[in-house]
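In: Prediction below, plus the sequence it came from.
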Amino acid sequence: MKSEIVRFVIVGTLAVAVQFGVYQLLLPFVNETLANTAGYIVSFCLNFLLSTYFTFRVRPDRRKAAGFALSHVLNYLMQTLTLNLILAFGCPSRWAQLPMFALCVPLNFVLVRYFLKRKTCTNKK
(Lines give C-alpha, C1' and ligand atoms only; values in the text may rest on other atoms or scores of the structure.)
Protein backbone atom coordinates (compact mmCIF):
# COMPACT_ATOMS: atom_id res chain seq x y z
CA MET A 1 0.00 0.00 0.00
CA LYS A 2 2.91 2.36 0.67
CA SER A 3 4.06 2.17 -2.94
CA GLU A 4 0.47 2.75 -4.09
CA ILE A 5 0.37 5.93 -2.07
CA VAL A 6 3.64 7.11 -3.65
CA ARG A 7 2.32 6.33 -7.14
CA PHE A 8 -1.01 7.99 -6.25
CA VAL A 9 0.85 11.14 -5.20
CA ILE A 10 2.73 11.20 -8.52
CA VAL A 11 -0.41 10.67 -10.61
CA GLY A 12 -2.45 12.94 -8.36
CA THR A 13 0.10 15.72 -8.63
CA LEU A 14 0.02 15.47 -12.40
CA ALA A 15 -3.80 15.37 -12.47
CA VAL A 16 -4.05 18.34 -10.09
CA ALA A 17 -1.52 20.28 -12.18
CA VAL A 18 -3.56 19.62 -15.34
CA GLN A 19 -6.81 20.59 -13.63
CA PHE A 20 -5.24 23.71 -12.11
CA GLY A 21 -3.71 24.68 -15.47
CA VAL A 22 -6.99 24.38 -17.35
CA TYR A 23 -8.74 26.29 -14.54
CA GLN A 24 -6.19 29.12 -14.76
CA LEU A 25 -6.45 29.28 -18.56
CA LEU A 26 -10.25 29.46 -18.54
CA LEU A 27 -10.76 31.66 -15.47
CA PRO A 28 -10.54 34.97 -17.39
CA PHE A 29 -13.35 33.79 -19.70
CA VAL A 30 -15.79 31.78 -17.57
CA ASN A 31 -16.89 31.53 -13.94
CA GLU A 32 -14.97 29.47 -11.39
CA THR A 33 -17.32 26.48 -11.40
CA LEU A 34 -17.23 26.13 -15.18
CA ALA A 35 -13.44 26.55 -15.29
CA ASN A 36 -13.08 23.90 -12.57
CA THR A 37 -15.47 21.56 -14.39
CA ALA A 38 -13.55 21.79 -17.65
CA GLY A 39 -10.28 21.17 -15.83
CA TYR A 40 -11.83 18.26 -13.99
CA ILE A 41 -12.95 16.56 -17.20
CA VAL A 42 -9.51 16.82 -18.82
CA SER A 43 -7.83 15.67 -15.61
CA PHE A 44 -10.31 12.78 -15.20
CA CYS A 45 -9.37 11.21 -18.53
CA LEU A 46 -5.66 11.33 -17.80
CA ASN A 47 -6.21 10.18 -14.24
CA PHE A 48 -8.16 7.05 -15.21
CA LEU A 49 -5.45 5.80 -17.53
CA LEU A 50 -2.62 6.52 -15.12
CA SER A 51 -4.52 5.22 -12.07
CA THR A 52 -5.30 1.87 -13.63
CA TYR A 53 -1.99 1.15 -15.34
CA PHE A 54 0.46 2.89 -13.02
CA THR A 55 -0.98 3.65 -9.57
CA PHE A 56 -2.98 0.50 -8.82
CA ARG A 57 -1.61 -1.71 -11.62
CA VAL A 58 -4.91 -3.20 -12.62
CA ARG A 59 -6.38 -3.80 -16.04
CA PRO A 60 -9.11 -1.37 -16.92
CA ASP A 61 -12.51 -2.85 -17.64
CA ARG A 62 -16.05 -1.57 -17.73
CA ARG A 63 -16.72 -2.30 -14.09
CA LYS A 64 -13.56 -0.52 -12.94
CA ALA A 65 -14.31 2.39 -15.27
CA ALA A 66 -17.83 2.66 -13.83
CA GLY A 67 -16.51 2.56 -10.26
CA PHE A 68 -13.80 5.08 -11.10
CA ALA A 69 -16.40 7.36 -12.70
CA LEU A 70 -18.69 7.01 -9.67
CA SER A 71 -15.87 7.86 -7.27
CA HIS A 72 -15.04 10.87 -9.42
CA VAL A 73 -18.66 12.03 -9.58
CA LEU A 74 -18.58 12.08 -5.78
CA ASN A 75 -15.20 13.81 -5.84
CA TYR A 76 -16.41 16.37 -8.41
CA LEU A 77 -19.46 17.20 -6.29
CA MET A 78 -17.28 17.49 -3.19
CA GLN A 79 -14.81 19.73 -5.09
CA THR A 80 -17.57 21.96 -6.46
CA LEU A 81 -19.13 22.42 -3.03
CA THR A 82 -15.76 23.01 -1.38
CA LEU A 83 -14.62 25.45 -4.08
CA ASN A 84 -17.79 27.51 -3.76
CA LEU A 85 -17.55 27.55 0.05
CA ILE A 86 -13.93 28.70 -0.13
CA LEU A 87 -14.93 31.42 -2.60
CA ALA A 88 -17.82 32.46 -0.33
CA PHE A 89 -15.32 32.94 2.50
CA GLY A 90 -13.46 35.43 0.33
CA CYS A 91 -10.55 33.45 -1.06
CA PRO A 92 -9.43 34.94 -4.39
CA SER A 93 -10.61 32.93 -7.40
CA ARG A 94 -7.07 32.48 -8.65
CA TRP A 95 -6.05 30.51 -5.54
CA ALA A 96 -9.33 28.96 -4.38
CA GLN A 97 -8.51 25.55 -5.86
CA LEU A 98 -5.46 25.08 -3.64
CA PRO A 99 -7.31 24.61 -0.33
CA MET A 100 -9.99 22.68 -2.23
CA PHE A 101 -7.37 20.18 -3.42
CA ALA A 102 -5.92 19.89 0.08
CA LEU A 103 -9.31 18.85 1.42
CA CYS A 104 -10.58 16.69 -1.44
CA VAL A 105 -7.55 14.75 -2.73
CA PRO A 106 -7.06 12.48 0.33
CA LEU A 107 -10.69 11.37 0.27
CA ASN A 108 -10.46 10.76 -3.45
CA PHE A 109 -7.55 8.34 -2.88
CA VAL A 110 -9.74 6.23 -0.62
CA LEU A 111 -12.66 6.25 -3.08
CA VAL A 112 -10.56 5.42 -6.15
CA ARG A 113 -8.62 2.69 -4.35
CA TYR A 114 -11.85 1.09 -3.20
CA PHE A 115 -13.39 1.01 -6.67
CA LEU A 116 -10.27 -0.13 -8.52
CA LYS A 117 -8.98 -2.67 -6.02
CA ARG A 118 -12.11 -4.24 -4.60
CA LYS A 119 -12.52 -7.94 -5.17
CA THR A 120 -15.59 -9.17 -6.93
CA CYS A 121 -17.49 -12.15 -5.62
CA THR A 122 -18.27 -14.90 -8.03
CA ASN A 123 -20.31 -17.98 -7.32
CA LYS A 124 -18.53 -21.04 -8.58
CA LYS A 125 -20.62 -24.17 -8.87
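Out: That came through, no problem.

In: contacts, neighbours, all on C-alpha from now
Out: OK.

In: Below-threshold pLDDT in this protein: ranges please.
Out: Within the chain, the stretches with pLDDT under 70 are 116-125.

In: Go again with 80.
Out: The chain contains residues with pLDDT under 80 at 1, 67-68, 71, 108-109, 111-125.

In: where's Tyr114 relative to Phe29, distance?
Out: Separation of Tyr114 from Phe29 (CA to CA, to the nearest Å): 37 Å.

In: Quick check on the two: which one has the bigger neighbour count.
Out: Each of Tyr114 and Phe29 has its neighbours counted (other CA atoms under 10 Å); Tyr114 has more, 14 against 10.

In: can you pull the buried residues of whichever strand or helix holds that one?
Out: For Tyr114, the host element (DSSP states H and E) is helix 97-117. Neighbour-count burial for helix 97-117 flags Gln97, Met100, Phe101, Val105, Asn108, Phe109, Leu111, Val112, Arg113, Phe115, Leu116 (criterion: 16 or more other CA atoms under 10 Å).
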